[in-house]
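*Asks:* return atomic coordinates for the entry below.
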Amino acid sequence: MKGKHCHLAAALVLALSLAAVSGCSSLLGNRAQVGGTTTPGGTGTPPATRATGTPTSRNSTPQSAPATAPASVVPVSRAIRDVVECVRPAVVQVTNQQHVNPELSQGAVLQTIGIGSGVIYDPSGLILTNDHVVIGAERLLVTLPDGRSFDGRLVGSDPQTDLAVLRVNQQGLPTAELGDAASLAVGDWVVAIGNALALTGGPTVTQGIVSALDRAIQAPPSSSSQTATPQAGSQGGRFLFNLIQTDAAINPGNSGGPLVNLQGQVVGINTLVAVSTPSGEPIEGIGFATSINTARAIADQLVATGRAVHPYLGIQYVPLSPALAARLNVSEQRGMYIQNVVANSPAAQAGLRQGDVIVSADGQTLDTESSLARVIESHKPGDTIALTVVRDGRRLTLQVTLGQQPS
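*Replies:* Sure thing, here's the model as predicted:
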């Protein structure tokens, strides 16, 4: 989506552009070796040549391999090609169309507002994508790499995790296999597939490695308009958890597309990319995908009920820093300062007050801005958590029974 780059600790933008047959792992096999380097589970650890920047040709022997490689060794370039041939047919372009009134006499006109990606994961025509790809859509057009197009129906969306499920009324479509992100390790090879920049000719393919796991990032706040790139990290943006960080290029238009391991299994849904530092210096090679384990669980709820259920505390808060603590005249240097308690919420019923500082939850110290949200999100509605708060210099422990997040 075109618009200004935006900043916080590192500026992030939703990778949305404005303007495989099922069972790939069985077809590709459980590769014991890729590029001459042993890879448990077949996810693929880069060979030594990657670290030096030396390309590994599909027709050459990797430096780390013996002169005569065993038959089970698959060059990385060949492995990636096989994965692409298997998965790419199931990666779709999702076109978000909305009525726009250009103040002309004929009235509102249906126009393309944004273009993203999605992946068909079920033979019944179910497609995983991002919520920010489909938000506000009045018509969703789903286009396959083979050129076929179908109207898509929104099954359900979840702004909290930035995930959505669509359905097309068509049988016999290619599907991609969902894998297990828990099997990933830092250094594993991965492939990102999506409709970068909405270029004609089908999805773009990029490759890289898993740079880090279990990242927590504050995403841009939800918006009902896609006329500008949402401000990443802006106040009010929700936290996304269990993210896979990768250096595989993720560009505008990649949102909702799959991140795939070398077994041809989808291990993540591409969502965010870092673009610049707070001072405006460009950032390269830092993108984020939602773990497929998170995406699968949310998708199951969306298909079953049309919505996902999340726990709810009912407070507005800011993370404390020494500077903010001095300005607020509170003794604690770290924790979450409660700015407001929602009336009749679980927090209010448990006795939390404006001005309290939450210093721990479930016995875990709250030392990062995402700490409290991560603890809450690890629970389900109806669970009781213990919150340690500081009030007027005294420490109190309050038991809070979490509710269900309002729609």
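*Asks:* can you list the low-confidence ranges for the stretch 101-250 of the chain?
*Replies:* Counting by pLDDT under 70, the stretch 101-250 of the chain shows low-confidence ranges at 102-107, 221-237.
*Asks:* what strand or helix carries the most centrally placed residue in the chain?
*Replies:* With distances taken as Cα atoms, centre = their mean, the residue of the chain nearest its centroid is T290 (3.0 Å). Element membership of T290 [criterion: DSSP states H and E] is strand 287-291.
*Asks:* list the strands paired with that strand, with their directions.
*Replies:* strand 239-246 (antiparallel), strand 265-276 (antiparallel) (DSSP bridges).
*Asks:* for those strands, which one sits closest to P346?
*Replies:* When the strands paired with strand 287-291 are compared by Cβ to Cβ, strand 239-246 sits nearest P346, at 18.8 Å. Every residue, glycine included, has its C-beta placed from N, CA and C.
*Asks:* need the contact partners of the helix or strand that the closest one is followed by.
*Replies:* Counting by DSSP H and E, the next helix or strand C-terminal to strand 239-246 is strand 258-260. If you take Cβ atoms under 8 Å, 6 or more residues apart in numbering as the criterion, strand 258-260 is touched by 83, 87, 91, 119, 128, 176, 190-194, 244, 246, 248, 266-270, 289.
*Asks:* list the pairing partners of strand 258-260 within its sheet, with orientation.
*Replies:* By DSSP bridges, strand 258-260 pairs with strand 189-194 (antiparallel), strand 265-276 (antiparallel).
*Asks:* can I get these in a markdown table including mean neighbour count and distance to Q170?
*Replies:* Converted to a markdown table, those look like this (neighbours: other Cβ atoms under 10 Å; distance: least, Cβ to Cβ, whole Å):
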| stretch | mean neighbour count | distance to Q170 |
| --- | --- | --- |
| strand 189-194 | 28 | 20 |
| strand 265-276 | 26 | 20 |
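*Asks:* now stretch 114-130: buried residues?
*Replies:* Neighbour counts over stretch 114-130 (16 or more other Cβ atoms under 10 Å) mark 114-122, 125-130 as buried.
*Asks:* nearest to A164, of these?
*Replies:* T129 (5.3 Å).
*Asks:* isn't the closest one up against S117?
*Replies:* Yes - contact criterion Cβ atoms under 8 Å: T129 and S117 qualify, at 6.8 Å.
*Asks:* between these two, which contacts overlap?
*Replies:* Residues within reach of T129 and of S117 at once, by Cβ under 8 Å, 6+ apart, are V94, S255, G256.
*Asks:* most surrounded residue in these?
*Replies:* G256 (34 neighbours; other Cβ atoms under 10 Å).
*Asks:* ok, that residue - contacts?
*Replies:* Neighbouring residues of G256 by Cβ under 8 Å, 6+ apart: 94, 116-119, 128-130, 133, 164, 194, 269-271.
*Asks:* got the strands paired with strand 287-291 as JSON lines, with distance to V359 columns?
*Replies:* What follows is the strands paired with strand 287-291, written out as JSON lines (distance: least, Cβ to Cβ, whole Å):
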{"stretch": "strand 239-246", "distance to V359": "19"}
{"stretch": "strand 265-276", "distance to V359": "30"}
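*Asks:* need the strands for the stretch 51-200 of the chain, in chain order.
*Replies:* For the stretch 51-200 of the chain, strands defined by DSSP state E, counting those that start in this stretch occupy the ranges 73-74, 91-100, 109-122, 126-129, 139-143, 149-158, 163-168, 177-178, 189-194.
*Asks:* out of the ones you listed, nearest to L302?
*Replies:* Among the strands of the stretch 51-200 of the chain, the nearest to L302 by Cβ to Cβ is strand 149-158 (3.3 Å).
*Asks:* how big is the angle separating that closest one from strand 109-122?
*Replies:* 80 degrees (axes from the mean of the first three to the mean of the last three Cα atoms, to 10 degrees).
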